[in-house]
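Visitor: Here is a sequence with its predicted model. Questions after.
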Amino acid sequence: MKKILLVDDEQEFREISGKFLAHRGFDTLQADGCATALDLLAKEANNVDVIIMDVSMPGKDGIACMAEVKATWPQLEVIILTGHASLSVSITGMKQGAFDYCMKPVDYDELLEKIALAREKAAREELTSESIE
Amino acid sequence: MALFPINLKDFFSLEKPEPLSGEELQTIFQNRYQLFRRLLTANNNALQAMAELERMYYGNSSYRMAEINSKITAIQINVYKMVNSLLEMAEGKYTGLETILDQISHSLEPILNQKPERQQGPFIMPLSEVSLEERELVGEKMARLGEVGRLGLPIPTGFILTASATQEFLNTELIDEINRQLQIIDPENLDGLYAGCHTMQELVRDTAIPSSLMEEIYASFDLFFKKDQKIATRSSALGEDSAGVSFAGLYATVLNVGRKELAAGIREVIASKYCPRAIAYRRRRGYRHVDIEMCVGCVAMVNAAVSGVLYTRNPNATQEDKGEEMRCNAVEGIGRGVVDGTRDADLYILRQEPFSVMERRLTGEHPLLKEAQLQELSAAGRKLEKHFAAPQDVEWSFDHDGHLFILQSRPLQMQEHHEVVETGNNHPAAPLYHGGITASDGACCGRLVRVDKAKQAGAFPADAILYVEYPLPEWAPLLNRAAGIFSSGGNEAGHLATVSREFGIPALFGCGDVWKKLEEKHATEGEFTLDATARSIYPGRDEIALRRQHVMPSPMTGSPVQLILSEALQLITPLNLNDPDSIRFKSTFCETLHDITRFCHEKSVVVMFNFGNSHHFPQAAAKRLTADVPLEWWVINLADGLREGIGKEKKTVSIEDVVSVPMLAIWRGIAAFPWEGPPPVSIRGLGSIIFQSTMRPELSPDVAATKLNARNFFLISKYFCNLGVRLGYHYAMIEAWLSELRTESYLTFRFKGGAADMQRKAVRARLLADILERWDFSVELRGDALLARIKKMPMDFLEDRLMILGYLSLHARQLDMVMDRGETVEKYRQKFLREIDEMLAREKMKKETNNEKDSPRR
């Protein structure tokens, strides 16, 4: 099974989410910001299918980062994470190609459900592109 | 889009397209089906968030802007997903929807982010020069005090730091940090609230007032007071002018402030905007922090001999006395002990016209107030009540020379009247305690919890009865959770008494050694009834006393947050696109987010349905269900809802061909009992239908005939089913997605319409709601429209509920016409409950028999 990339500058969130997802049988990669995420994807993009990305990060924010990711790896599905202060940003994120969004603090049942649907979509698109070829 | 490797437009052209292979068509269909599922899930989520917003708006509980924002964002995102999915499914059609969604989103933004417009003015204004007209500059309290002075009543001298001065002090950096703190505070978590408030208040206390402003403040001090004069710095907030909202005792007053302590005294008042009780109160009453701006009154200390509070009416008055008596509480020295409930006060009950002292309840041997002083107070009270055109809550002092000063006059919180319940000998149970002063009327039941320190507040359980030694204003955050409150000290005139009346929480103060007495009787464990009106505490749940429970209007009524939600809802929930057959059922007529969801849902079903016909794809085309049940039933197999091997050209299917789990469950409900035919309708009932048909052309017999014969479609896959039923004049929709992933499972039932008048249709909807609530559905009811849903439950649980929906969809048809008599409603209620029980019992037995057959023999 492919891995999930967690992108968030909050170490505590990455650790808790990484442990939770590992417990549910998911492998994760973790990045503390956009630059690290892009570096990781340059090496491992083929092994990743879903990215969970916080919209509020120092440096390049989650929406700008998603645009860069999507430009190079359009097949990756991105679930953005927003707080109350950045709710309107999540609408922008959806318009710019995010698969879905989750509110922080994260309801992990909801996140799991969205990961499952994102994976389903990623797998379907992979199948479709293979059938074209 | 990569999703469609083949240009589907070719298939819609008039020319015969090149035939596609079965696999190619299957892929296209699967993609479209996934989009359809995504659209349906988004529809479900959007409608649920809309229902939650409406429940907030029409309900009796408080809500915050953060909750409104998150729900509206969820709605917008889900509507966006629906539009996106429909555009992909419909290939180039309905592109105008994106623009409409954008327009609605742009219109919502300024509504949600609106801020009160603040009037700019001087930093300092003399108290003697202000009136109610300046309330937007100097705050409600000082504006009213200025007004009192203008009436010719004596007030202390002083000046006011205006909202412009406070804004000058709260520089950008400070306010940004405060806003950051406010965002992370959860007012429900009292421990977190106290800690966060402490941080914010310290930030304000540690920030220097700009020197130029401070110089102006000192200059004013020197102008109004002698150098060694002691003053009081008093809060006066902007935005507190809503009727029925007291803001009593929320903010700080600092007494005996000298010239040297002036800056600290001012900062303390400004910091009190961020104290726990003020934040909890604003949250409950629907005020954002930005709605309130603090001003500071700097007024001379009165060298008080006697002080207190005068109520120009009795706030707990019964219908009989109409509250025409005045009530005056008095203590020696300054009045703080009265308003914070820490001192026992003399109580004088006065008749206004002609003046007389009806009763004196003294704390000492001699009255603190002479009759002449009471008369002077009474006259002042009458003048204030007349001027402000409402009963008043007046703070006053007499100085040592016998001069009266009015320190504050604000509207008195009157309490709603209650049923008078006989007490004493007529009451069957003996109270554990009888006594005290009714501070707020009513009765409640719960366990008793004593709180002595702020640290214990976090653990105070919801709906318990709070006991405190003194009713200090700092306990106000607990009133958001408490069912009632009683205390050893205090009186009816304190700030906490005012807030209790405002929140409709029964309060019994001044109960002396009540806790000791209860402990002696080993009576502090278990459940108790506090009857504040009868001044009694009973063991257990006392139903007689509890008749006095309050039904309060929403605490948010008229608040800025409620007004914002009201404005936003107008762009979200009204449904203008009701009839898919209407020529106005077009994307250009979508005015609200609800319209867009309705439009997308309807069109997505059409797109799915047309797919089979347009693509010569028999698996997707509708097949008629042959069954011995009234109405025409058709099945559209979206994916794997029929058993393998059903011929592509086959035009009909039987129920044995169906493998869709939710459809089979619904069908078991439909087929459980034969339909008895339309109920016998009285002349009145028929008259109503004829009248309705006249008023609504779509109900005329010619038009309706087509609707009565309309096909009812099951859209199915193995675990999904969407059933649209047009039964006569009403429309029902059942949708279910059953999944092993419990978070994904849901079941929705919508029901609306009928041929009878609105009252009878509503009675039928209420009858269905009652039955569904009994079976664990969460139900929303508005007029004749019913929405019931269950989420995140196991599959067998949902199958049972689907059977109930199938049963009701068939058997509730045309019932609206006979819903004019209580006994008929009851007859059908009993019939439905009996048959549902029988149906489920039969199902259970069948499952058990099957399990026995399947289990290996011993």
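Guide: Noted; the coordinates are in hand. Numbers count the residues shown, from 1 in each chain, chains lettered A, B, ... in the order given.
Visitor: Contact partners for the closest residue to chain A within the stretch 501-650 of chain B?
Guide: Closest contact between the stretch 501-650 of chain B and chain A, by Cβ to the nearest Cβ, is at residue B:593 (12.2 Å). The way it works is simple: take the backbone N, C-alpha and C, and place the C-beta from them, glycine included. Residues in contact with residue B:593 (Cβ atoms under 8 Å, 6 or more residues apart in numbering or on different chains) are B:46, B:50, B:75, B:76, B:79, B:101, B:104, B:571, B:572, B:573.
Visitor: for residue B:725, same thing?
Guide: B:631, B:712, B:731, B:732, B:733, B:734, B:809.
Visitor: that's a strand at it, yeah?
Guide: Yes: counting by DSSP: H, G, I helix; E, B strand; the rest coil, residue B:725 is found in a strand.
Visitor: partners of it in the sheet?
Guide: residue B:732 (DSSP bridges).
Visitor: Whatever residue of the stretch 251-400 of chain B ends up closest to chain A: what's it in contact with?
Guide: In the stretch 251-400 of chain B, the residue that lies nearest chain A is residue B:288 (12.8 Å; Cβ to the nearest Cβ). By Cβ under 8 Å, 6+ apart, the contact set of residue B:288 is B:65, B:282, B:560, B:561.
Visitor: Show the pLDDT at it.
Guide: Residue B:288 is assigned 89 on the pLDDT scale.
Visitor: Also residue B:792?
Guide: 74.
Visitor: cool, and residue B:753?
Guide: On pLDDT, residue B:753 comes in at 68.
Visitor: Longest helix in the chain, please.
Guide: No chain was given, so I picked chain A. In chain A, taking DSSP state H as the definition, the longest helix is helix A:108-132.
Visitor: um, chain B though
Guide: Longest helix in chain B, counting by DSSP H: helix B:22-58.
Visitor: how about the residues of the stretch 1-150 of chain B that lie near chain A?
Guide: Applying Cβ under 8 Å from any Cβ of the partner chain, we find that the stretch 1-150 of chain B lies next to chain A at B:2-3, B:5, B:27, B:30-31, B:34, B:38, B:66, B:69-70, B:73, B:76-77, B:80-81, B:105, B:109.
Visitor: Select from the contacts of residue B:725 the one having the most neighbours.
Guide: Using other Cβ atoms under 10 Å in any protein chain shown as the neighbour test, the contacts of residue B:725 are led by residue B:734, with 27 neighbours.
Visitor: Look at it and tell me its secondary structure.
Guide: Residue B:734 ends up strand, using three-state DSSP.
Visitor: That one and residue B:723 touch, don't they?
Guide: Yes: counting by Cβ atoms under 8 Å, residue B:734 does reach residue B:723; the two are 4.6 Å apart.
Visitor: which residues do the two both contact?
Guide: Residues within reach of residue B:734 and of residue B:723 at once, by Cβ under 8 Å, 6+ apart, are B:666, B:809.
Visitor: picking that back up, wait, which of the contacts of residue B:593 is closest to chain A?
Guide: Nearest to chain A out of the contacts of residue B:593 is residue B:76 (Cβ to the nearest Cβ; 5.4 Å).
Visitor: neighbours of residue B:566, just the number please.
Guide: By other Cβ under 10 Å, neighbour count at residue B:566 equals 11.
Visitor: Check which helix or strand residue 79 maps to.
Guide: Since no chain was named, I'll use chain A. Assessed by DSSP states H and E, residue A:79 sits inside strand A:77-82.
Visitor: meant chain B, my bad for not saying
Guide: Going by DSSP H and E, residue B:79 is in helix B:65-90.
Visitor: tell me the angle that helix makes with strand A:77-82.
Guide: Put simply, helix B:65-90 runs at 160 degrees to strand A:77-82, going by axes from the mean of the first three to the mean of the last three Cα atoms, to 10 degrees.
Visitor: List the buried residues for helix B:65-90?
Guide: For helix B:65-90, a neighbour-count test (16 or more other Cβ atoms under 10 Å in any protein chain shown) marks B:65, B:67-90 as buried.
Visitor: Provide a list of residues in contact with the residue positioned nearest the centre of chain A.
Guide: The residue lying closest to the centre of chain A (Cα atoms, centre = their mean) is residue A:51, at 1.9 Å. Listed by Cβ under 8 Å, 6+ apart, the contact set of residue A:51 reads A:4, A:5, A:7, A:37, A:66, A:69, A:76, A:77, A:78, A:79.
Visitor: any chance of these in CSV, with pLDDT, distance to chain B and neighbour count too?
Guide: As requested, the contacts of residue A:51 are exported to CSV (pLDDT from 0 to 100; distance: Cβ to the nearest Cβ, whole Å; neighbours: other Cβ atoms under 10 Å in any protein chain shown):
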residue, pLDDT, distance to chain B, neighbour count
A:4, 95, 17, 22
A:5, 97, 21, 25
A:7, 96, 20, 28
A:37, 96, 23, 27
A:66, 95, 15, 24
A:69, 95, 17, 23
A:76, 94, 13, 21
A:77, 94, 12, 24
A:78, 96, 14, 26
A:79, 96, 12, 20
